[in-house]
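Asker: generate a structure from the sequence data that follows.
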Amino acid sequence: MRLLNRHRASILLVLIGLGLGLLLSGQGKVSAIPKEDYESLETFTNILAIVRKNYVDEVHTKDLISGAINGMLNAMDPHSAYLTPELYKELQMDTQGRFGGLGIEITVRNGVLTVVSPIEDTPAFRAGIKAGDQILKIEDEFTKDMTLMQAVKKMRGPKGTKINLSIKREGVQDLMNFILARDTIRVQSVRSRALEEGYAYVRLAQFQERSDRDLQKALEKLASEKGGIKGLVLDLRNNPGGLLTQAVRVTDLFLDSGMIVYTDGRLDSQKQKYFARKEGSWTEFPMVVLVNGGSASASEIVAGALQDHKRGVILGTKTFGKGSVQTILPLDDNSALRLTTARYFTPKGRSIQATGIVPDIVIENVSLQQARAEEKKRLGVREENLPGHLQNQQEQKEKEKPALPEREENIENDAQLKRALELLKGWDVFKQLVQKKAA
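Answerer: The predicted model follows:
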């Protein structure tokens with residue numbers, strides 16, 4: 001989403017996200033290099049000449065310089081990178097919600113290529129790849145010392161072509177091999193439905209150019225249904241981020257005033273503050289926001305702001321912890337430089353970088369079946385373990401019911417969603433009691 005700054009001639013496009021975070025800026029001239037730096041540049045050009053002349057194979061200057069740029073940026077942080085014209089074009093397509101690949105948001109954590117989150121209804125999601133998985137090999141090539149953009153480039157490809165990923169998962173001893181067929185990834189940003197009469201559920205999968213408008217339409221539709229909206233569950237689990245402007249606008253839908261987020265960098269242009277407006281705000285119902293380790297960047301902005309303003313209860317597990325802003329600086333040859341230029345902070349001044357958002361209510365997401373299995377393990381021998389015990393007829397009828405589809409928003413297989421609904425219903429009962437007492 002483009003932002004027009006009346007005091008500057010440049011057009012800015014602000015985005016945050018692990019594979020997506022960017023800020024388009026019409027930068028002009030590069031400042032002059034200090035005199036003391038010329039000696040280092042002379043060393044670089046000497047090494048460049050020596051390599052070209054003496055390396056075992058013939059090398060091209062363009063490739064050497066590209067490698068040097070990537071090495072320089074990779075030495076600073078995992079999110080700064082040089083984007084070739086091809087990668088830059090793909091990055092622009094990502095923000096529109098359609099691109100080719102596997103559907104995995106990745107980052108480099110402690111030197112290891114790590115999955116931030118699989119995107120819903122994509123090859124990676126359907127194959128069972130999870131947030132936190134470490135990608136050790138792409139095809140037969142080890143990912144050690146591989147840059148983020150190199151990994152992205154290797155995993156992108158024509159629809160239908162296959163790729164093998166070797167993954168290390170916490171708690172699993174052996175490497176897991178996934179053979180995935182690439183596909184055109186179309187991300188549906190917003191999905192919504194009623195959990196029960198008056199209690200709404202909205203799933204926000206990614207922050208794209210139209211996310212705020214799609215969310216507004218979803219809320220209007222839910223409000224028009226029987227019972228309206230007495231409580232809302234906003235699901236940001238496994239949402240890897242996206243556009244910063246969309247994170248601000250989505251948050252603004254639920255706040256009528258106050259700061260949403262601010263960014264702080266070395267330059268004045270990187271010090272920005274974003275505030276909520278009263279117009280169009282949905283503030284008349286309680287909210288529970290679901291997060292987990294796959295909730296990153298823009299998701300953390302929304303969760304952090306709603307938590308600081310006490311607008312909603314944050315429930316789930318600790319978020320990813322990506323609190324930096326990347327600026328995309330287009331170059332003359334249609335390539336671009338993605339550079340980390342600022343950190344963002346919640347309204348109360350909390351930096352999310354490497355720490356994440358800690359939920360108000362921490363609860364792991366286990367299905368009802370898993371919970372029952374764990375309970376049986378803890379309790380040891382019970383009546384049901386004795387041979388020939390009488391069957392519970394009601395329980396038997398429950399077992400004979402058709403199995404519900406194993407989807408994230410299936411409340412019977414989603415402990416976090418079930419708890420969120422219980423909180424909203426409990427709040428409604430409490431409010432009614434208070435009103436009755438006042439009357």
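Asker: and the strands in the stretch 301-439 of the chain?
Answerer: Using DSSP state E, counting those that start in this stretch, the strands of the stretch 301-439 of the chain run over 313-316, 324-330, 336-345, 361-362.
Asker: would you mind finding the most buried of the ones you listed?
Answerer: Across the strands of the stretch 301-439 of the chain, averaging neighbours per residue (mean count of other CB atoms under 10 Å) puts strand 313-316 on top, at a mean of 23. No exception for glycine: its C-beta is placed from N, CA and C like everyone else's.
Asker: how distant is it from the center of its chain?
Answerer: On the basis of CA atoms, centre = their mean, to the nearest Å, strand 313-316 sits 16 Å off its chain's mean C-alpha point.
Asker: returning to what we had before: JSON lines for the strands of the stretch 301-439 of the chain, including mean pLDDT and distance to residue 201?
Answerer: Putting these into JSON lines (pLDDT from 0 to 100; distance: least, CB to CB, whole Å) gives the following:
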{"stretch": "strand 313-316", "mean pLDDT": "98", "distance to residue 201": "13"}
{"stretch": "strand 324-330", "mean pLDDT": "90", "distance to residue 201": "30"}
{"stretch": "strand 336-345", "mean pLDDT": "94", "distance to residue 201": "28"}
{"stretch": "strand 361-362", "mean pLDDT": "97", "distance to residue 201": "17"}
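Asker: between those, which one is closest to residue 210.
Answerer: strand 324-330 (20.2 Å; CB to CB).
Asker: about what we covered before: any chance of the strands of the stretch 301-439 of the chain in CSV with distance to residue 203 as columns?
Answerer: Formatted as CSV, the strands of the stretch 301-439 of the chain follow (distance: least, CB to CB, whole Å):
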stretch, distance to residue 203
strand 313-316, 13
strand 324-330, 26
strand 336-345, 24
strand 361-362, 19
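Asker: what's the closest of those strands to residue 247?
Answerer: Nearest of the strands of the stretch 301-439 of the chain (CB to CB): strand 336-345, 9.3 Å.
Asker: run through who's touching that closest one.
Answerer: 16, 22-23, 73, 76-77, 79-83, 88, 91, 244, 261-267, 270-271, 301, 323-331, 351-353 (CB atoms under 8 Å, 6 or more residues apart in numbering).
Asker: just the buried members of those residues?
Answerer: In the contacts of strand 336-345, burial by neighbour count holds for 16, 22-23, 73, 79-83, 88, 91, 244, 261-263, 265, 270, 301, 323-329, 352, counting by 16 or more other CB atoms under 10 Å.
Asker: show me these that map onto helices.
Answerer: Of the buried ones among the contacts of strand 336-345, the ones assigned to helices by DSSP state H are 73, 88, 91, 244, 301.
Asker: how close does the second one get to residue 168?
Answerer: In this structure, residue 88 and residue 168 are separated by 31 Å, where distance is defined by CB to CB, to the nearest Å.
Asker: of all the strands of the stretch 301-439 of the chain, which one is nearest residue 41?
Answerer: Checked against CB to CB, the stretch from the strands of the stretch 301-439 of the chain lying closest is strand 336-345, at 17.9 Å.
Asker: relative to the whole chain's centre, how far out is the closest one?
Answerer: Worked out by CA atoms, centre = their mean, strand 336-345 lies 16 Å from the chain centre.
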